[in-house]
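# My questions concern the predicted model and sequence given below.
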Amino acid sequence: TRKLVLVEYDDVEWHRREWICIYKKGLFNMFMVEHSLVWADRVDPLSKNSSSSTVLWPALSFTTLVADVDLASNQRPLEFLLDRELTFRDYSRLQPFQEWDPKLPGLRDYPELRAAVRGWFEMQDGQRILVTTPSVLVGYRVEVYRAEGTTQWYTAVIVSYNEATRDLTVTDDTVLEEHNEDPCIVQMRLIGDG
């Protein structure tokens, strides 16, 4: 069977997304997905001083799904938060991001950077709950990614969870229609606080 992935590209309108068999020979030399948040050194992009010193900055690391080319074993891609600068670093020298620690040497406390980190962790926590313990979310509101249709997301209320199929039954807010969605397959985002 062919495994298709619905791919949206950075800086491209969402409706230009496409279903792609990423494992098709010759289609991609490399295909990676976001994996975790790490600390990495970089020149401070928010400093007014052009000869700014190196600071610690949160960055996304990636895991490889397709690799038909060899990267140097010590060079893997990173994407820094906020400005989305891409760079290559030795993953073995990176520090996993566990919490915002103002005592870390080299860390500058920018409110917009701290907000980006908080948003990333809230998204990850929501995904973890949706995948591992979805039954506790009955009654919560979610945004559900729409693979087909004229809108990218729809909002819904979780009305039940089927342990046998692992599906959440959600009621679409706009048309009051029920849908069965598997949070392991379809992206969902919790709406609201907590």
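Arrived safely, thanks for sending. Residues are numbered from 1 along each chain as shown.
# Return the set of buried residues in the one helix or strand residue 60 maps to.
Assigned by DSSP states H and E, residue 60 belongs to strand 54-67. Buried residues in strand 54-67, defined by neighbour count with 16 or more other CB atoms under 10 Å: 55-62. Quick note: C-beta positions are derived from backbone N, CA and C, even for glycine.
# Restricting to C-alpha, output that strand in CSV.
Listed next in CSV are the C-alpha coordinates belonging to strand 54-67 (Å, rounded to 0.1, in the frame of the first residue of the first chain):
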residue,chain,number,x,y,z
THR,A,54,26.8,34.4,21.1
VAL,A,55,23.6,33.6,23.0
LEU,A,56,21.6,30.4,23.8
TRP,A,57,18.4,30.2,21.6
PRO,A,58,15.6,27.6,21.3
ALA,A,59,15.6,25.8,18.0
LEU,A,60,13.6,22.9,16.5
SER,A,61,15.4,19.7,15.7
PHE,A,62,14.2,17.3,13.1
THR,A,63,13.9,13.6,12.5
THR,A,64,14.4,12.1,9.1
LEU,A,65,11.7,10.1,7.3
VAL,A,66,13.5,9.9,3.9
ALA,A,67,17.3,10.1,3.4
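# right, and the helix or strand after that strand?
Going down the chain from strand 54-67, the next helix or strand is strand 76-80, by DSSP H and E.
# Pull out the buried residues from that next one.
Of the residues in strand 76-80, 76-78, 80 count as buried by neighbour count, 16+ other CB under 10 Å.
# The residue lying closest to residue 4 once chain neighbours are set aside: neighbouring residues, count only.
Leaving out its chain neighbours, the residue that sits closest to residue 4 by CB to CB, 6 or more residues apart in numbering is residue 19, at 4.6 Å. By other CB atoms under 10 Å, the residues close to residue 19 number 10.
# show me what contacts residue 19?
Counting by CB atoms under 8 Å, 6 or more residues apart in numbering, residue 19 makes contact with 4-7.
# so what's the residue nearest in space to the middle of the chain bridging to?
With distances taken as CA atoms, centre = their mean, residue 34 lies nearest the centre of the chain, 5.8 Å away. Residue 34 has these beta-bridge partners by DSSP bridges: residue 62.
# Kind regards, and thank you for your time.
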